[in-house]
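J.: Make a model of this:
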Amino acid sequence: MKIVSIFLVMVALIAGMVGCVLVQYDLTMSSTEGGKVATPGEGTFTYGEGSVVSLVATPASGYRFVNWAGDIDTIASSDSATTTITMDGAKSVTANFALLGYNLAVNSTSGGSVITPGEGTFTYDEGAVVNLVVEAEEGYHFANWTGDVGTIAGVNNAATTITMNDNYTITANFGEGSEYTQVVAAGLYHTVGLKSDGTVVAVGENTDGQCDVTGWTHITQVAAGLYHTVGLKSDGTVVAVGDNADGQCDVASWMDITQVAAGGHHTVGLKSDGTVVAVGLNFHGQCDVASWTDITQVAAGDYHTVGLKSDGTVVAVGDNADGQCDVASWTDITQVAAGDYHTVGLKSDGTVVAVGDKGDGQCGVGGWTDIVQVAAGGPHTVGLKSDGTAVAVGFNWYRQCDVTGWTDIIQVAGGVVNTVGLKSDGTVVAVGLNFHGQCDVGDWMLR
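T.: Below you'll find the predicted structure:
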């Protein structure tokens with residue numbers, strides 16, 4: 001009887017032990033590129049039912065933890081690199097990592113501000129496309145973006161985007177006056193400069209009085225034709241001196257003008273309502289602009305006139321013997337310039353197009369990039385790059401294209417036989433023919 005009792009007790013104990021065996025589940029841990037699972041490690045681990053397992057994810061240098069993915073219904077926090085998971089079944093969990101966000105430092109010069117995303121330093125994920133929007137103050141205009149502008153969609157656009165592939169520092173630059181303010185201008189044998197106090201200086205040939213600008217005041221923009229000079233006043237009226245044989249200086253009655261351009265023997269004015277007026281020689285129809293509307297900028301060549309419309313398209317009238325008016329197909333243009341017999345257009349992506357006389361290579365701008373302003377001389381073309389350097393192509397007999405060493409330039413102008421550059425410190429540089437002293441600008445301080 002005693003033996004039987006002991007046997008029964010042992011059977012009961014064994015049955016109890018079998019009934020108390022824990023249920024176990026596998027936890028499989030893995031990670032994406034850029035980090036690892038430090039706790040409990042990576043691989044497959046076995047835990048009893050109900051176990052609370054610590055999870056720790058460690059990103060590699062240059063990466064950040066993103067989240068836990070997979071069977072995460074019992075994870076305390078899927079967005080935390082340090083958390084726990086409760087084992088109520090088999091689990092497969094992955095730690096996700098991504099590259100660290102890149103910093104975008106945004107600045108602006110005086111005259112305006114960046115309203116989107118603001119100014120300061122912001123952090124974005126790699127590949128993020130960030131909107132950029134600027135706002136100019138009254139009396140100023142947006143000029144361009146400078147700095148790390150390689151992924152900016154349009155360096156000349158006040159509203160554009162930047163793609164974050166690295167840390168970038170960018171600056172929104174603003175200038176005084178209207179968007180197309182000309183501070184330096186060059187004619188055939190003379191050069192004109194607008195000073196910050198609204199007065200004007202000029203050097204070079206003065207046989208027709210084209211340099212007689214000493215008494216001018218309240219000027220906001222200047223333009224130079226072959227033998228005449230034009231000034232836009234702050235009240236929207238216009239003054240002009242020099243050769244007037246074709247009536248190119250008959251601008252005394254003009255009002256409400258926002259920009260002027262001077263051609264070979266004609267003068268063009270853009271009105272605030274987007275219409276255009278012109279006086280002077282009209283043998284080729286270069287002054288037939290009365291029907292133009294919605295114009296935002298004008299340019300004048302020897303015998304043709306060009307207008308940029310608000311939608312980025314371009315119109316042109318006048319002599320078209322060399323195809324200089326064949327601009328009907330142009331789109332996405334932000335600025336135009338007109339030379340003797342060619343026309344140049346700057347696109348919003350910083351590239352350049354040109355039509356017209358190609359005899360001296362003045363239309364060879366196909367490879368240009370990062371351009372923020374263009375100018376057209378006689379048979380040459382000049383481009384200002386976003387880094388303040390300049391490029392030039394075309395007729396170079398007088399070395400008017402020798403601008404390779406220029407730095408810190410904020411505006412360029414092309415004369416018939418010379419090229420002029422305005423530096424950010426207000427000084428001026430010039431190259432090319434100087435027979436009449438049109439390059440004697442070394443002592444100028446305009447800004």
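J.: ok, how many other residues are close to N167?
T.: 14 (other CB atoms under 10 Å). No exception for glycine: its C-beta is placed from N, CA and C like everyone else's.
J.: How about L281?
T.: 18.
J.: how near is the residue nearest to the spatial centre of the chain to A143?
T.: When CA atoms, centre = their mean is applied to the chain, the residue found nearest the centroid is V155 (0.7 Å). The spacing between V155 and A143, counted by CB to CB, to the nearest Å, is 10 Å.
J.: same check, this time on S61
T.: S61 is 39 Å from A143, by CB to CB.
J.: hey, what's in contact with both of V155 and A143?
T.: V372 (CB atoms under 8 Å, 6 or more residues apart in numbering).
J.: rewinding a little: quick check: the residue nearest to the centre of the chain vs G280, distance?
T.: 35 Å.
J.: And I162, by the same measure?
T.: With CB to CB as the criterion, I162 and G280 are 44 Å apart.
J.: got it, and G323?
T.: 23 Å.
J.: Which one's more surrounded, these two?
T.: Legend: neighbour count by other CB under 10 Å for G323 and G280, higher for G280 (27 against 15).
J.: For D148, see how far away the nearest residue to that one once chain neighbours are set aside is.
T.: Spatial nearest neighbour of G280, excluding adjacent residues (CB to CB, 6 or more residues apart in numbering): H266 at 3.0 Å. Look at H266 and D148: by CB to CB, they are 42 Å apart.
J.: ok, now V106?
T.: From V106 to D148 the distance is 11 Å (CB to CB).
J.: Spit out the residues that contact those two alike.
T.: I170.
J.: higher neighbour count, those two?
T.: More crowded of V106 and D148, by other CB under 10 Å: V106, with 24 against 17.
J.: List the beta-bridge partners for that one.
T.: V106 has the following beta-bridge partners by DSSP bridges: G120, I170.
J.: residues contacting it?
T.: 114, 117-122, 132, 170-172.
J.: pLDDT-wise, which helix or strand of this protein ranks last?
T.: helix 2-19 (a mean of 47; mean pLDDT, DSSP states H and E).
J.: in the helix or strand following that one, what counts as buried?
T.: Next along the chain after helix 2-19, taking DSSP states H and E as the criterion, comes strand 24-31. For strand 24-31, a neighbour-count test (16 or more other CB atoms under 10 Å) marks 25, 27, 29, 31 as buried.
J.: Check the secondary structure at the closest residue to L100 other than its chain neighbours for me.
T.: Nearest residue to L100, sequence neighbours excluded (CB to CB, 6+ apart): R64, at 5.2 Å. Under DSSP: H, G, I helix; E, B strand; the rest coil, the three-state class of R64 is strand.
J.: correct me, but R64 touches A98?
T.: Yes: between R64 and A98 there is a contact at 6.0 Å, judged by CB atoms under 8 Å.
J.: can you list residues touching both of those two?
T.: Contact criterion CB under 8 Å, 6+ apart; residues shared by R64 and A98: G34.
J.: which residues touch the closest residue in space to A392 that isn't next to it in sequence?
T.: Leaving aside its sequence neighbours, A392 sits nearest to C401 (CB to CB, 6+ apart; 3.8 Å). C401 makes contact with 380, 382, 392-395, 419, 431, according to CB under 8 Å, 6+ apart.
J.: where in the stretch 51-200 of the chain is pLDDT low?
T.: 177-180 (pLDDT under 70).
J.: Adding neighbour count and distance to I295, write the contacts of V106 out as CSV.
T.: Converted to CSV, the contacts of V106 look like this (neighbours: other CB atoms under 10 Å; distance: CB to CB, whole Å):
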residue, neighbour count, distance to I295
V114, 20, 28
P117, 15, 32
G118, 10, 33
E119, 14, 33
G120, 10, 37
T121, 11, 40
F122, 16, 37
L132, 22, 26
I170, 20, 30
T171, 18, 30
A172, 26, 25
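J.: Identify, from those, the entry nearest to H228.
T.: Distance to H228, by CB to CB, is smallest for A172 among the contacts of V106, at 35.7 Å.
J.: mind listing what the closest one touches?
T.: Contacts of A172 (CB under 8 Å, 6+ apart): 106-109, 112-114, 132, 134, 142, 145.
J.: Out of those, which is nearest to I333?
T.: Nearest member of those to I333, counting by CB to CB, is F142, at 16.4 Å.
J.: Against S108, how distant is that closest one?
T.: 9 Å.
J.: Now list whatever residues contact both of the two.
T.: Common neighbours of F142 and S108 (CB under 8 Å, 6+ apart) are 134, 172-174.
J.: State the pair within those that is farthest apart.
T.: Top of the distance list for the shared contacts of F142 and S108 (CB to CB): V134 and N173, 9.3 Å.
J.: what touches both of these two?
T.: Common contacts of V134 and N173 (CB under 8 Å, 6+ apart): 108, 142.
J.: For I219, give the beta-bridge partners.
T.: Beta-bridge partners of I219, as defined by DSSP bridges: K233.
J.: According to the record, where do the domains of the chain fall?
T.: 23-99, 102-176, 184-432 (automatic domain parsing).
J.: Mind putting those into CSV with distance to Q438?
T.: Listed next are the domains of the chain as CSV, based on distance: least, CB to CB, whole Å:
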stretch, distance to Q438
domain 23-99, 55
domain 102-176, 24
domain 184-432, 3
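J.: Ranking those domains by mean neighbour count, which comes first?
T.: Highest mean neighbour count among those (mean count of other CB atoms under 10 Å): domain 184-432, with a mean of 21.
J.: Contact partners for R64?
T.: R64 makes contact with 34, 97-101 under the criterion CB under 8 Å, 6+ apart.
J.: Redo those residues as CSV? Include secondary structure and distance to H228.
T.: Formatted as CSV, those follow (DSSP: H, G, I helix; E, B strand; the rest coil; distance: CB to CB, whole Å):
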residue, secondary structure, distance to H228
G34, coil, 66
F97, strand, 67
A98, strand, 62
L99, strand, 59
L100, coil, 59
G101, coil, 56
